[in-house]
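A.B. asks: Okay, here's the prediction I keep looking at, along with the sequence it came from:
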Amino acid sequence: MRRFLFASGLLCAAGVIVFWLLTMPRTISANDLPTGDGDAAKGRYVFYETGCASCHAAPGTKGAEKLKLAGGLALKTPFGTFVAPNISPDPTHGIGGWTTSQFVNAVMRGVAPDGSHYYPAFPYMSYQRMKLADVIDLKAFIDTLPAVAGDAPPHDLPLPFRLRRGLGLWKALFMDYGPFTPVPGGDEVLNRGAYLVTGPGHCGECHTPRNLLGGPEAEWAYSGGPAPEGKGNIPNITPHDDGIGGWPIEDITIALKTGLLPEFETFGGAMIAVQENMAELTDDDREAIATYLKSLPPKPSRWKK
């Protein structure tokens with residue numbers, strides 16, 4: 001019995017050590033960051049590429065008030081309700097006290113300054129593809145925005161999802177920590193669109209369906225699926241007949257700029273805020289996004305599988 005208990009204790013200890021090692025945060029070293037300060041003017045453009053205000057502006061704010069990044073937007077999912085935090089430059093309630101390294105690791109690795117994992121409701125799986133310079137410029141711009149006091153409400157999650165350490169296993173399953181990879185043989189326009197869609201634009205976060213663990217179903221990328229909030233569906237944006245197959249590049253470009261769809265309808269739901277961000281981009285970038293989307297393999301809508 002003593003031998004059995006001793007062996008069991010060793011196995012448990014080994015299991016704890018293996019779990020701890022597998023769930024350790026993977027971060028970008030401060031030594032690997034480019035030198036120099038970020039460019040706030042460039043960061044403003046990245047701010048709209050990434051759509052920060054869509055989640056982090058206080059619910060109901062419009063216009064210039066959306067630059068007050070107080071957080072508070074609730075996202076109801078099958079795993080519980082996630083609430084966007086305050087990311088204003090307030091040093092106590094926001095991210096005003098963060099270093100550049102801490103900001104980069106939060107955005108690109110989903111790791112908080114205290115070393116804990118952020119939930120993937122924060123789209124760091126896409127942001128891992130961003131250029132370091134873009135992320136640093138983004139911080140420079142956010143640092144110029146109004147500091148807002150007050151904390152957003154906490155997440156409302158059941159056990160075991162409150163235990164963030166386990167997110168290290170989720171990351172091990174679904175994150176590859178790789179940079180943006182250009183499309184082989186693609187020209188400058190196509191690759192600019194690929195970068196915007198797969199990186200800062202994080203289109204796949206909503207338009208790619210998720211499995212039971214909340215991981216993206218890569219084989220169904222961009223084919224739509226059930227809305228994360230549980231009501232309705234996210235549309236297919238591949239060039240299939242179920243998606244944007246009948247939309248010319250010009251029509252997609254116009255829709256991203258104006259919100260007007262080829263069928264003389266308008267965007268609805270969460271896409272309204274996305275389109276408002278897209279309207280801040282250049283015509284060339286909107287055309288690049290449309291070009292990349294039209295280059296995707298056509299897939300039938302996921303929820304019709």
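C.D. replies: Perfect, thanks for sending it. Residues are numbered from 1 along each chain as shown.

A.B. asks: pLDDT weak spots in the protein?
C.D. replies: 1-21, 228-231, 304-305 (pLDDT under 70).

A.B. asks: And it, split by domain according to the record?
C.D. replies: The chain is divided into the following domains under automatic domain parsing: 27-174, 188-304.

A.B. asks: got the end-to-end distance for the first one?
C.D. replies: For domain 27-174, the separation between the terminal residues is 16 Å (C-alpha to C-alpha, to the nearest Å).

A.B. asks: Just give me the residue closest to the centre of the protein.
C.D. replies: Pro123 (1.9 Å; C-alpha atoms, centre = their mean).

A.B. asks: For that one, give me its contacts.
C.D. replies: Applying C-beta atoms under 8 Å, 6 or more residues apart in numbering to Pro123 gives the contacts 202, 205. Every residue, glycine included, has its C-beta placed from N, CA and C.

A.B. asks: And it, how far from Pro216?
C.D. replies: For Pro123, the distance to Pro216 equals 11 Å [C-beta to C-beta, to the nearest Å].

A.B. asks: again with Phe180
C.D. replies: In terms of C-beta to C-beta, Phe180 sits 16 Å off from Pro216.

A.B. asks: Of the two, give the one with the bigger neighbour count.
C.D. replies: Pro216 (18 against 15; other C-beta atoms under 10 Å).

A.B. asks: and the nearest residue to that one once chain neighbours are set aside, how many neighbours?
C.D. replies: Spatial nearest neighbour of Pro216, excluding adjacent residues (C-beta to C-beta, 6 or more residues apart in numbering): Thr208 at 4.7 Å. Using other C-beta under 10 Å, Thr208 has 23 other residues around it.

A.B. asks: Does Thr208 touch Glu219 like I think?
C.D. replies: No. With contact defined as C-beta atoms under 8 Å, Thr208 does not count as touching Glu219 (9.8 Å).

A.B. asks: any common contacting residues for these two?
C.D. replies: By C-beta under 8 Å, 6+ apart, no residue touches both Thr208 and Glu219.

A.B. asks: ok, now which ones touch Ala57?
C.D. replies: Contacts of Ala57 (C-beta under 8 Å, 6+ apart): 65-70, 73.

A.B. asks: let's go with 7 Å and repeat that
C.D. replies: Contacts for Ala57 (C-beta atoms under 7 Å, 6 or more residues apart in numbering) come out as 66, 68-69.

A.B. asks: what ranges do the strands span in the stretch 101-250 of the chain?
C.D. replies: Secondary structure of the stretch 101-250 of the chain by DSSP state E, counting those that start in this stretch: the strands cover 225-226, 233-234.

A.B. asks: Take these and write them to CSV, including mean neighbour count and distance to Gly204.
C.D. replies: As requested, those are exported to CSV (neighbours: other C-beta atoms under 10 Å; distance: least, C-beta to C-beta, whole Å):
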stretch, mean neighbour count, distance to Gly204
strand 225-226, 18, 11
strand 233-234, 19, 10
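
A.B. asks: between those, which one is nearest to Lys139?
C.D. replies: strand 233-234 (29.5 Å; C-beta to C-beta).

A.B. asks: Give the partner strands of the closest one in its sheet and their orientations.
C.D. replies: Counting by DSSP bridges, the strands paired with strand 233-234 are strand 225-226 (antiparallel).

A.B. asks: contact partners of the strand it pairs with?
C.D. replies: By C-beta under 7 Å, 6+ apart, the list of residues contacting strand 225-226 reads 209, 233-234, 302-303.

A.B. asks: Next one: the spatially closest residue to Gly225 that is not a sequence neighbour from Val83, what distance?
C.D. replies: Leaving aside its sequence neighbours, Gly225 sits nearest to Pro209 (C-beta to C-beta, 6+ apart; 3.1 Å). Computed as C-beta to C-beta, the Pro209 to Val83 distance reads 24 Å.

A.B. asks: Which residue of those two possesses the greater neighbour count?
C.D. replies: Pro209 (22 against 17).

A.B. asks: what about Pro59, distance to Ala273?
C.D. replies: 11 Å.
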